[in-house]
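J.: Got a predicted structure plus its sequence, pasted below:
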Number of protein chains: 2
Amino acid sequence: MIQIDLRSREPIYEQLIKNIKELIFSGVLKTDEKLPSVREIARQLTINPNTIQKAFKALETEGYIYSARGRGHFVMSMKENKSAEQSLVILNQIKELIKEANYIGISKEDILTIMGSVYTDSVTERGELSDTD
Amino acid sequence: MIQIDLRSREPIYEQLIKNIKELIFSGVLKTDEKLPSVREIARQLTINPNTIQKAFKALETEGYIYSARGRGHFVMSMKENKSAEQSLVILNQIKELIKEANYIGISKEDILTIMGSVYTDSVTERGELSDTD
DNA sequence: TAACTGTGTTATATTATATAATACAGTTAA
DNA sequence: TTAACTGTATTATATAATATAACACAGTTA
C-alpha cells in the first residue's frame, strides 16, 4: 500500500506524506476510512513509529486526516473545509511549475492533457455515486 | 533583486534556486546575461559565499545557468537543450499538484486561468494590450 | 599588476532527520 | 474486567543536512 525508498535523499516522513496524500486524492482511501496504525505501518516498512507519527501529525495539521485517541487516524472529509489560504498556496505552486514548463518548452497542450486526466468529465465524483466499491 | 527569508525552514540555497529560476522564467534575466557573482550576492544578502556557490552548482546541474571560470555565471540558452526526462519530471509534479487542487475543490477554471496568464496567446484578450510583468 | 571572477578544501556549529526505548492514556472486543 | 490494540509524549543517541568561517588556487579583465 505504501512504498518508501530508504536510499532517497528525501526524508522518509515526507515520502510518507506524499504517499498517503496520493492514496487520498486517488480515492483509494475514502472519507472517514481508517488508516493503518502508526505501529502497523512501522512494522510493515521496518521504520521507526516516531517517523510515521511525524508524518501523520503533518497530515493532520494540513487537514487531510484526523486522529482519535485509541482508535486511529482517519481520512478527513473534504466537503468544503479547505481554507482559501491553502488554495492560494496550491495555485501558486501550480503557477510556478507552469512557468517552468513554459520556459523549458513544454507545450500548453501537454498540460491540458494532464488537466483532462485529472478533472475527468465523468459524472461520478469521489465515490459519491459509485457502487463499484 | 533576490530576497531570502533567513527565518524560513526552507534552506537558503533552495530559496536561492527558486528565486533565480523565477527571474529566468519571468525574463528578468535573459539568455547569456551575467548573474551577480557569488561574492557579490553573499555581500548583499549577508550570507556565506559557499551557500551561493551551492545554489549555482545546482542550477548549473539542472541546465539553467552555466559558469565561466574567472568571468562569472550566465543564463543558459533554453532553445532545445532540455532533456525529455526533465520534462517528464516537471509534468509529473504538475499532475500531482493538480490532483491535490481537484481534491480540495479548486475548480478547473481557476487552473485554466493560470495557464492563460503564463501561456499568453498572441491574440490579446479583453482589450489588454500589455502584460503587467 | 590589481581586482575581479569561479572553484576547492578543511574545520566547526547548528539543525534536521531517524532510531531506540519507554511510558501513559483512550478504545475495543472477548 | 482484561488483553490487545490505538494515539501521544518523552528522553537519549546517532547520523545527515545545512550554514558559516577562513582560506587557497586558478582564470579573466581593465
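T.: Looks like it came in fine.
J.: Got the domain ranges for chain A?
T.: According to automatic domain parsing, chain A is divided into the following domains: A:12-75, A:84-125.
J.: and the longest one, anywhere near DNA strand C?
T.: What that stands for is domain A:12-75. Yes. If you take Cβ under 7 Å from any atom of the strand as the test, domain A:12-75 does meet DNA strand C, through A:12-14, A:47-51, A:54, A:68-71. For every residue, glycine as well, the C-beta is placed using N, CA and C.
J.: For chain A, what lies in contact range of DNA strand D?
T.: Counting by Cβ under 7 Å from any atom of the strand, the residues of chain A that sit close to DNA strand D are A:9, A:35-40, A:49-50, A:53, A:56-57, A:60, A:67-73.
J.: just the angle between the top helix by length along chain A and helix B:84-103, please?
T.: Longest helix in chain A by number of residues (criterion: DSSP state H): helix A:84-103. Helix A:84-103 and helix B:84-103 are oriented at 160 degrees to each other (axes from the mean of the first three to the mean of the last three Cα atoms, to 10 degrees).
J.: Output the contacting helices and strands for helix A:84-103.
T.: Packing partners of helix A:84-103 (3 or more Cβ pairs under 8 Å, 6 or more residues apart in numbering or on different chains; DSSP states H and E): helix A:108-118, helix B:12-25, helix B:84-103, helix B:108-118.
J.: so where's chain A shaky on pLDDT?
T.: Along chain A, the model assigns pLDDT under 70 to residues A:79-82, A:121-133.
J.: Just the closest residue of it to DNA strand C, please.
T.: Of all residues in chain A, the one sitting closest to DNA strand C is A:Gly70 (2.4 Å; Cβ to the nearest atom of the strand).
J.: what about that residue, is that helix, strand or coil?
T.: coil (DSSP: H, G, I helix; E, B strand; the rest coil).
J.: What is the neighbour count of it?
T.: By the criterion of other Cβ atoms under 10 Å in any protein chain shown, A:Gly70 has 5 neighbours.
J.: Weed out the non-buried ones from the residues of domain A:12-75 next to DNA strand C.
T.: Those of the residues of domain A:12-75 next to DNA strand C that meet the buried threshold are A:12-13, A:47, A:51, A:54, by 16 or more other Cβ atoms under 10 Å in any protein chain shown.
J.: State the pair within those residues that is farthest apart.
T.: Greatest spatial distance among those (Cβ to Cβ): A:Ile47 and A:Lys54, at 10.8 Å.
J.: Closest to the centroid, which residue in chain A?
T.: A:Lys21 (1.2 Å; Cα atoms, centre = their mean).
J.: State the distance from A:Asn92 to DNA strand D.
T.: According to Cβ to the nearest atom of the strand, to the nearest Å, A:Asn92 stands 21 Å off from DNA strand D.
J.: ah, wrong one, I meant A:Ile4
T.: Here A:Ile4 is placed at a distance of 15 Å from DNA strand D (Cβ to the nearest atom of the strand).
J.: So the residue lying farthest from the centre of chain A, which state does it fall into?
T.: What lies farthest from the middle of chain A is A:Gly105; by Cα atoms, centre = their mean that is 28.3 Å. Under three-state DSSP, the three-state class of A:Gly105 is coil.
J.: burial measure for A:Met1, as a count.
T.: A:Met1 has 12 nearby residues by other Cβ under 10 Å.
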